[in-house]
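Colleague: Fold the following for me, if possible:
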Amino acid sequence: MKRAIALLSLLLAAACASNDGFVQKEVSSCGPGSSIGIDAGWDQQSSPVQRGQNQMTLLVQVSNNSDADITVKTVRADPMPMERDAMYEIQGGAQKVDKTIAEGEDFTFEIPMTTMRRLQERTTGVRSSGVDVAVTVVLDSEEQVRCRFHLPLAF
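Modeller: The predicted structure is shown next:
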């Protein structure tokens, strides 16, 4: 009986320590001193509002502060949860690329996004001065770098 318990304990310990088949992706945050820098802002030339929708372009500048070239596979922008009564809603956008950025260089990606006016009474609804957006850059090494930005709404 002691052997069975010892064997069972050993198997449970091995099962807890083993990889269960899921890929562990490392997500780094950007900030001062990071090897990958990310800046984001709206392109000033967006299309006019039509039927409550507005096409906007998010400019994402990726800076390679590391000591080797990097290859960016994907750049994705996801809106963070907005207030439930906000007058506008923003849909996320992404761009698949295979862009190599040399050591010490940067490159600006254009991410198309859509804003929509929510259908509600004009007297209700919260006017927001901006929106929170999470920008994720995926490298060819499967490393992900994520930054959060509060971007002003210019409409």
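Colleague: The nearest residue to V138 once chain neighbours are set aside pairs with what?
Modeller: Spatial nearest neighbour of V138, excluding adjacent residues (CB to CB, 6 or more residues apart in numbering): T74 at 4.2 Å. No exception for glycine: its C-beta is placed from N, CA and C like everyone else's. Per DSSP bridges, the residues bridged to T74 are K96, V138.
Colleague: Contact partners for T74?
Modeller: Neighbouring residues of T74 by CB atoms under 8 Å, 6 or more residues apart in numbering: A94, Q95, K96, V97, T136, V137, V138.
Colleague: And the last one, how far from D43?
Modeller: From V138 over to D43 the distance is 22 Å, taken as CB to CB, to the nearest Å.
Colleague: okay, these two: which has more neighbours?
Modeller: Between V138 and D43, counted using other CB atoms under 10 Å, the more crowded position is V138 (20 against 13).
Colleague: quick one: the more buried one and H150, what's the gap?
Modeller: Look at V138 and H150: by CB to CB, they are 23 Å apart.
Colleague: M113 too?
Modeller: Relative to H150, M113 is positioned 15 Å away (CB to CB).
Colleague: And the two? Which one has more around it.
Modeller: Per other CB under 10 Å, whichever of M113 and H150 has more neighbours is M113, with 20 against 10.
Colleague: Surely the more buried one touches Q53?
Modeller: No: counting by CB atoms under 8 Å, M113 does not reach Q53; the two are 11.0 Å apart.
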